[in-house]
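>>> below is the sequence, then the predicted model.
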Amino acid sequence: MSDPLHKDQDLRADDGPIEESQKTSETPLLNVSELRSGYGPIEVLKGISLHVNAGEIVTVIGANGAGKTTTLMTVSGCVKIRGGDITFDGRSLTGIPAHEIVKLGMAQSPEGRKIFPRLTVLENLQMGAFTVRDQVRVREDIEKAYHYFPILKDRQKQLGGTLSGGEQQMLAIARALMIRPKLLLLDEPSLGLAPMIVLKIFEVIRELNREGMSVLLVEQNARLALKIANRGYVMETGSITATAPAQELLNDPRIQAAYLGE
Amino acid sequence: MTGLTGLVFASADTQFFINICITGLTTGFLYALIALGYTMVYGIVELINFAHGDLFMLGCFFALTLGGAVMALTGSPMATIALMLLATPVFCAFLNMLVDLTVYKALRTAPKLAPLVSAIGVSFVFMNIGLFWGGSQDVNFPGLIEERNLLAEDSGLQFTTTDLLVILVTAPVMIGLTIFVKSTSLGKAMRATAQNPVAAQLMGINVNRVIAATFLIGGALAGIASVIYGLKIKTIGYQMGFQNGLYAFTAAVLGGIGNIPGAVLGAIVIGMVYSLASAYIDARWATAMVFVILITILVFRPTGLLGARTREKV
């Protein structure tokens, strides 16, 4: 199988981000406005607004505990909306349970991967396609997942819990792809992985985006995230403190000092 | 004491031993049906459903009442047994699901102690319903099956018609359950939900529906056990749920709570130990022996015989 991606390490390469101006006329695929949510007595998100246009990779960067994971969990419906609203594909998600949101075409590869440890790799992928009725399509999509991550094919009979961290991350992403999502939410796909594997995963993310999938990426590895993203948001203690095209954030001295270690 | 043992044994040592083992095995199979309800519910909501044994007891009274009515109407023991085997699981399944919907569901996100204490409460409610239903004295279950030894008399071995009934009903049920959990979409969804409910939601699995299905299936298995118990042991009472439930729960822990084959294995071990201890030590020591074995195994294997040995990688 030939590597369809560029050999160079600059993941943004030639085709670059889509210009923001081309996009502004459309309604965003995902629109989060003044969103508040949290756990028990703790309010984590204090009224955040962000959006993802169709075809974009948008990243939310920020320190540990800033509320990035809560943002994704609220968008996915696992954490209740306490104020504000989320619309996806023109529909409000307030009051819609997580399992129904999946059917609208949104998938998430969650923090800590959350693969099913005592299901095989193949069964994990089948679970990803739980809402898909057409079994022929499911088989095609499993083959496609193996195309993106060939190692998973070698491991398909193995239990999910026996995979290495990198393989588990690949499985978590592959599992999310099984519904052919319009929007893919990725929570820290680089966490704890060797640089080579991170690179491989980010190449796949970019390839998926080129095929038309929109991506909302949450990352602590800000440099990497901003390199593949069109736009970025900076999150601090439950609020969005900055937003700009990814390239601008990469060049912003304050961002460099706070998140890029320069 | 409403134990499951008490057959007449042959004299020769080996014959005696084999007969004890047959008794232990059928006892174990019966406990397995109840243990599966504990283990499946625990696997999915981490709740020790203390009301499960009393659900089994109510199933016995339901089967008795239904059986009496059908027998009076049709006069056919076979039709009566068939109807009991169909209707009692349905009764227990829906009762179990109803308890989940009205009591446990509201406490899903509460600390684990809250549903646990509620389950003990439900257990008392059930026991009192049983008391109201059947009275404070043990009642006889109609002997719809003639207790007859199926093996040649001169072999000295005992394998009776009710032993056969236990095997004929429980074995296919357990095989069917294994296939269901392993291969069907709902079965896989149950395993996925047990392993990671948040991830299951993100797959589009309606977790509440999966939990309801688990209570339905666990209840149905208890209902099947109720009918078999009634037909084999022939004496039921409102307090029977406690002791039998405790053995079944112990079986589930012994096998590794949350593990389906483990519950069956644990139940067979407990049936065997109980039966052998009754025969070779003293019937009064049998219960103590069961728990000595339990404690010994848990000291060396805290996760039970087939429980997951290691936590998953994070």
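Okay, I see it.
>>> helices and strands around the helix or strand that contains A:T71, which ones?
Secondary structure from DSSP states H and E places A:T71 in helix A:68-76. Counting contacts by 3 or more Cβ pairs under 8 Å, 6 or more residues apart in numbering or on different chains; DSSP states H and E, helix A:68-76 packs against strand A:30-39, strand A:42-52, strand A:57-62, strand A:83-88, strand A:106-109, strand A:183-187, strand A:214-219. C-beta: built from backbone N, CA, C; applies to glycine.
>>> any idea which of these is most buried?
Greatest average neighbour count among those goes to strand A:106-109 (a mean of 28), per mean count of other Cβ atoms under 10 Å in any protein chain shown.
>>> who are the contact partners of A:E34?
A:G47, A:I48, A:S49, A:G83, A:G84, A:D85 (Cβ atoms under 8 Å, 6 or more residues apart in numbering or on different chains).
>>> CA atoms of stretch B:150-159 as CSV?
C-alpha atoms of stretch B:150-159 as CSV (Å, rounded to 0.1, in the frame of the first residue of the first chain):
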residue,chain,number,x,y,z
LEU,B,150,-34.5,-42.9,35.0
LEU,B,151,-31.5,-45.2,35.6
ALA,B,152,-31.8,-49.0,36.2
GLU,B,153,-32.6,-49.8,39.9
ASP,B,154,-29.7,-52.3,40.2
SER,B,155,-27.1,-49.6,39.1
GLY,B,156,-27.6,-48.0,42.4
LEU,B,157,-27.5,-44.6,40.7
GLN,B,158,-30.1,-41.9,40.9
PHE,B,159,-31.0,-39.7,38.0
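>>> I figured A:I255 hits A:L249, correct?
Yes: between A:I255 and A:L249 there is a contact under Cβ atoms under 8 Å: 5.0 Å.
>>> what number of residues lie near B:R148?
B:R148 is flanked by 9 other residues according to other Cβ atoms under 10 Å in any protein chain shown.
>>> make sure it is actually in contact with B:T162.
No: taking contacts as Cβ under 8 Å, B:R148 lies outside contact range of B:T162: 9.1 Å.
>>> quickly list what's touching both of the two.
With Cβ under 8 Å, 6+ apart, B:R148 and B:T162 have no common neighbours.
>>> just the buried positions in the helix holding A:T71, please.
A:K68, A:T69, A:T70, A:T71, A:L72, A:M73, A:T74, A:V75, A:S76 (16 or more other Cβ atoms under 10 Å in any protein chain shown).
>>> quick check, central residue of the chain?
Assuming you mean chain A. Centroid-nearest residue in chain A, with Cα atoms, centre = their mean: A:L186, separated by 2.1 Å.
>>> you answered for a different chain; I wanted chain B.
Note: chain B centre (Cα atoms, centre = their mean) maps to B:I34, 1.1 Å.
>>> distance of that one from B:G219?
Relative to B:G219, B:I34 is positioned 11 Å away (Cβ to Cβ, to the nearest Å).
>>> got the contact list for A:K114?
A:A172, B:N196, B:V198, B:A199, B:L202.
>>> any idea how far chain A is from the fourth one?
Yep, that's B:A199 we're talking about. 4 Å (Cβ to the nearest Cβ, to the nearest Å).
>>> helix/strand/coil for that residue?
The three-state assignment at B:A199 reads helix, by DSSP: H, G, I helix; E, B strand; the rest coil.
>>> can you name the residue of the stretch 151-262 of chain A nearest to chain B?
A:G161 (4.1 Å; Cβ to the nearest Cβ).
>>> what's the nearest residue to that residue if we skip its chain neighbours?
Nearest non-adjacent residue to A:G161, counting by Cβ to Cβ, 6 or more residues apart in numbering or on different chains: A:P117, 3.0 Å away.
>>> returning to that earlier point: do you know how far the residue nearest to the centre of chain B is from chain A?
For B:I34 relative to chain A (Cβ to the nearest Cβ), the value is 24 Å.
>>> element containing that residue, please.
Going by DSSP H and E, B:I34 is in helix B:13-45.
>>> which strands and helices sit next to that helix?
Counting by 3+ Cβ pairs under 8 Å, 6+ apart, helix B:13-45 packs on helix B:52-74, helix B:161-183, helix B:185-195, helix B:207-233, helix B:240-255, helix B:260-280.
>>> tabulate those helices (a markdown table), appending distance to A:P150 and mean pLDDT.
Converted to a markdown table, the helices and strands packed on helix B:13-45 look like this (distance: least, Cβ to Cβ, whole Å; pLDDT from 0 to 100):
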| stretch | distance to A:P150 | mean pLDDT |
| --- | --- | --- |
| helix B:52-74 | 47 | 96 |
| helix B:161-183 | 27 | 93 |
| helix B:185-195 | 24 | 94 |
| helix B:207-233 | 32 | 96 |
| helix B:240-255 | 38 | 93 |
| helix B:260-280 | 33 | 94 |
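>>> nearest to A:Q220, of these?
When these are compared by Cβ to Cβ, helix B:185-195 sits nearest A:Q220, at 26.4 Å.
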